[in-house]
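A.B. asks: here is a sequence with its predicted model. Questions after.
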Amino acid sequence: MKNPQIDAVIFDIGNVLLQWDAHAAYKPLGLSDEEIKAFFKQVGFFEWNLEQDRGRTFADGIEELSSRFPDERHLIAHYDTHWQLSILGPIQGTVDILTSLATQKVPLHAITNFSAEKFPLERARFDFFGHFGEIVVSGEEKLIKPDPEIYELLLSRTGLKAERTFFIDDSMPNVKGAMAVGMHAHHFTAPSDLREALRGFELPGGANV
C-alpha cells in the first residue's frame, strides 16, 4: 500500500522543540523538588498557568491566584519574573528534523499553547522559528488546544486540507484533537520515534528524514 501523501508538517513547540519544565523556574529559590511539587498542587499551578496560555495576562493571573492564596503571592509572582528559566533549551533531535525538512522545502507550520506575553521572548532567542510559515499561538488567539477551532484556524490561514497534514504534539489530548478534525497526528515521545513516523508518509517533493 502506498504511503499517505501530506502537504505540510505542523509542530507543537513546548516539549517537542523546546524543553519546558516549570519546576526549573523555582530552583534559584533553593526549594526542593518536593516543596515545589507541594506548592504546585496547593495552588493548582498547571490549571492556573493554562489560563495564561488561553490569553489571560500574567498580571491578572497573579492577582486572581494571590487573592485565593495570599500567603503564596511571592511564589506565584516569581513564575512571571523568572519564567525564562523554565525553558531549558532546544530538543536538538527534533530541531534537526525540522531543519532537515526546511532544507528540503517541506512547508512547516506550528500550533502552540503559549502565553502571548512570553512567546515573543522565545521566538527571538531561537533561530529555528524562522523555518515556520504560520504559527498559531493560543494566547494571541484566545483559543487553546485541543479546541478544534485552533486547528481549523491554522488550516484556514494556510489553505491546507486536514487530511494532507501531519501534526506533532507531546500531549495525547492535543493529538486526539488534531485527529478529530481530520489531521494525521503523532504523539511525540522522542525524536527517533518522530523520524520513524514521518517515514510512513510521502512528503512533499520526495523529502526524507
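C.D. replies: Everything's here; your move.

A.B. asks: give me the neighbour count for G205.
C.D. replies: Using other Cβ atoms under 10 Å, G205 has 10 other residues around it. Quick note: C-beta positions are derived from backbone N, CA and C, even for glycine.

A.B. asks: L194 against H186, yeah?
C.D. replies: Yes: in this structure, L194 is within contact of H186 by Cβ atoms under 8 Å, at 6.2 Å.

A.B. asks: hey, what's in contact with both of these two?
C.D. replies: I168 (Cβ atoms under 8 Å, 6 or more residues apart in numbering).

A.B. asks: and the strands in the protein, which stretches?
C.D. replies: 8-11, 18-20, 87-90, 108-112, 135-137, 165-169, 184-187 (DSSP state E).

A.B. asks: contacting residues for the residue nearest to L85 when sequence neighbours are not counted?
C.D. replies: Spatial nearest neighbour of L85, excluding adjacent residues (Cβ to Cβ, 6 or more residues apart in numbering): A25 at 4.4 Å. If a contact means Cβ under 8 Å, 6+ apart, then A25 has 78-79, 82-83, 85-86 as its contacts.

A.B. asks: and which of the residues you listed is nearest to G200?
C.D. replies: The closest of those to G200 turns out to be S86 (Cβ to Cβ; 33.2 Å).

A.B. asks: what's the separation between the closest one and E72?
C.D. replies: S86 sits 18 Å away from E72, going by Cβ to Cβ, to the nearest Å.

A.B. asks: neighbour count for these two, which is higher?
C.D. replies: S86 (20 against 15).

A.B. asks: just confirm the more buried one contacts A24, I think it does.
C.D. replies: Yes: under the criterion of Cβ under 8 Å, S86 makes contact with A24 at 5.3 Å.

A.B. asks: in PyMOL, select just the buried ones from the contacts of A25.
C.D. replies: With 16 or more other Cβ atoms under 10 Å as the criterion, this PyMOL line picks the buried residues out of those:
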select buried, resi 78+79+83+85+86
